[in-house]
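> no sequence on this one, just coordinates:
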C-alpha cells in the first residue's frame, strides 16, 4: 500500500469507459477548473474528486473500477463518494429504458466540481433550469457583443462603436440561439465586402438579418432522472427524501433492525418459498420473482449480461 501511495498519479486518460449510454455525466454551469476546486474537502475526498473531475463523460465510476485506478480500497472509496455526495459534488440517478422489449434501469453519476445544494440538483434532474445557473440567453448576448466588437479588428471597414455593438447585440445573439458559431457569424458579416463601407452599423445589421440561419429542429424532451441514494441505491423519487444525496437510513437517521428481527423475517421468507404461502402464513399464489438489482456502485455490466444495469 505504501508503494501505491507513492506511485505516480493515475492518468485519467487510461480510465475505461462504461457501456455506451452509461457512466459519468458532467453537470452544466460549472465554474472554470482551477487548482483549488476541492480545497474545502478532506485530502482523500479532494484527491478522488480531482480524478473524477478530469474523467471524460461516460467513464466507468463503479467502485471496483475506481479501486483499480486509485490508491484506495473499495470501502474507502465508497465512504469518500458518500462524502462527495453530501458536499454537493455528486448525485446518483437512474432512468428506465427498454432493451429488446424488457424494461431495465440505467444508472448514471452526475458530477460537478462546483458544489450544489439539494434544490439545485433536484431542479436539474427534473429537467428544469437551476436557479443559480446563468441563463443561456445572457451568455449568448455576452458572446454576441464580443464578436461584434471584434469585427473592426478583423476588418477596419466594419468598426463599430460600443453603442452600435449594444444595439446589434440582440440580432447577433439570435444567431447563437439558433445554433450558429462565432466563425459562422464572422464569415457572414465580413465575406465579400465592398471596397468602401460608408455605414458599418447599417451594413452589419443588414447582413445579420438577411443571412440569419433557420430555426433549429425541435429537440426531443430531455430524459427525466430519478435520484437514488448514493450509498445504497434506494430510490428517492423527486429527491426531496434525500439530503446530500443520501437516504435517511444511510445518514443514520433511521434505526437498523435488530439481529433477531432480521433472522425471524428471513425464516418467514424461507418458509413461504418452501410452502407456497405468503410471508404472513396465508395461502396464496406465489409472487413472480423480482428482477435482481445491483448496488449502484457495483462493477459495470453489458446491457445483455444482467437485468440490473450499472455504470
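Noted; the coordinates are in hand. A quick note: this is a predicted structure, and the numbers were derived from the prediction, not measured.
> what about the helices in the stretch 151-300 of the chain?
Assigned by DSSP state H, counting those that start in this stretch, the stretch 151-300 of the chain shows helices spanning 162-177, 182-190, 200-210, 248-251, 259-275.
> what's the third one packed up against?
In terms of contacts (3 or more C-beta pairs under 8 Å, 6 or more residues apart in numbering; DSSP states H and E), helix 200-210 is packed against helix 136-154, helix 162-177, helix 182-190. Glycine gets a C-beta too; all of them are placed from N, C-alpha and C.
> Report the angle between it and helix 162-177.
10 degrees (axes from the mean of the first three to the mean of the last three C-alpha atoms, to 10 degrees).
> From the rest of the structure, what touches helix 200-210?
Helix 200-210 is touched from outside by 148, 151-152, 157-160, 164, 167-168, 171-172, 175, 185, 188-189, 197, with contacts defined as C-beta atoms under 8 Å, 6 or more residues apart in numbering.
> Please report the distance of the closest residue to residue 196 other than its chain neighbours from residue 118.
Nearest residue to residue 196 in three dimensions, chain neighbours excluded: residue 157, at 7.2 Å (C-beta to C-beta, 6 or more residues apart in numbering). Taking C-beta to C-beta, to the nearest Å as the criterion, residue 157 is separated from residue 118 by 54 Å.
> swap in residue 46?
When distances are taken as C-beta to C-beta, residue 46 and residue 118 turn out to be 22 Å apart.
> what does residue 242 give?
Distance from residue 242 to residue 118, counting by C-beta to C-beta: 7 Å.
> ok, these two, which is more surrounded?
residue 242 (26 against 16; other C-beta atoms under 10 Å).
> Quick one: residues contacting the more buried one.
Residues near residue 242 by C-beta under 8 Å, 6+ apart: 118, 227, 229, 236.
> Now for the second one, how many residues are close by?
Other residues near residue 227 come to 26 when the count uses other C-beta under 10 Å.
> ok, it touching residue 118?
No. Using C-beta atoms under 8 Å, residue 227 is not in contact with residue 118, being 9.5 Å away.
> Just checking the distance from stretch 76-88 to the centre of its chain.
Distance, stretch centre to chain centre, for stretch 76-88: 16 Å (C-alpha atoms, centre = their mean, to the nearest Å).
> quick one: buried residues of it?
77, 78, 80, 81, 82, 83, 84, 85, 86, 87, 88 (16 or more other C-beta atoms under 10 Å).
> any idea which helix or strand carries the third one?
What it means is residue 80. If you go by DSSP states H and E, residue 80 is part of helix 74-86.
> Rounded mean pLDDT for the next helix or strand after that helix, please.
Under the assignment DSSP H and E, the closest C-terminal helix or strand after helix 74-86 is strand 90-99. Mean per-residue pLDDT for strand 90-99: 86.
> Tell me the first helix or strand C-terminal of strand 90-99.
If you walk from strand 90-99 toward the C-terminus, the next helix or strand you reach (DSSP H and E) is strand 102-111.
> And that following strand, what does it pack against?
The contact analysis (3+ C-beta pairs under 8 Å, 6+ apart) places strand 102-111 against strand 23-26, strand 90-99, helix 118-125.
> Could you identify the helix or strand that succeeds the first one?
In the C-terminal direction, the helix or strand that comes right after strand 23-26 (DSSP H and E) is helix 43-53.
> How far does that following helix sit from its chain's centre?
With C-alpha atoms, centre = their mean as the basis, the distance from the averaged C-alpha position of helix 43-53 to the chain average is 17 Å.
> same deal with stretch 68-83?
Relative to its parent chain, stretch 68-83 has a centroid offset of 20 Å by C-alpha atoms, centre = their mean.
> Equivalent analysis for stretch 44-63, please.
With C-alpha atoms, centre = their mean, you get 12 Å for stretch 44-63.
> same thing with stretch 104-118?
With C-alpha atoms, centre = their mean as the basis, stretch 104-118 stands 5 Å off its chain's centre.
> swap in stretch 105-119?
Going by C-alpha atoms, centre = their mean, where stretch 105-119 is centred and where its chain is centred differ by 5 Å.
> What of stretch 101-110?
The chain centroid and the centroid of stretch 101-110 are separated by 15 Å, computed with C-alpha atoms, centre = their mean.
> so which of the helices of the stretch 151-300 of the chain gets nearest residue 68?
Closest to residue 68 of the helices of the stretch 151-300 of the chain is helix 248-251 (C-beta to C-beta; 24.9 Å).
> what bits of this protein have low per-residue confidence?
Within the chain, the stretches with pLDDT under 70 are 1-13, 129, 131-142, 219, 221-223, 237-239, 253-257, 277-311.
> May I see the buried residues of stretch 145-155?
By neighbour count, with 16+ other C-beta under 10 Å as the criterion, the buried positions of stretch 145-155 are 145, 147, 148, 149, 151.
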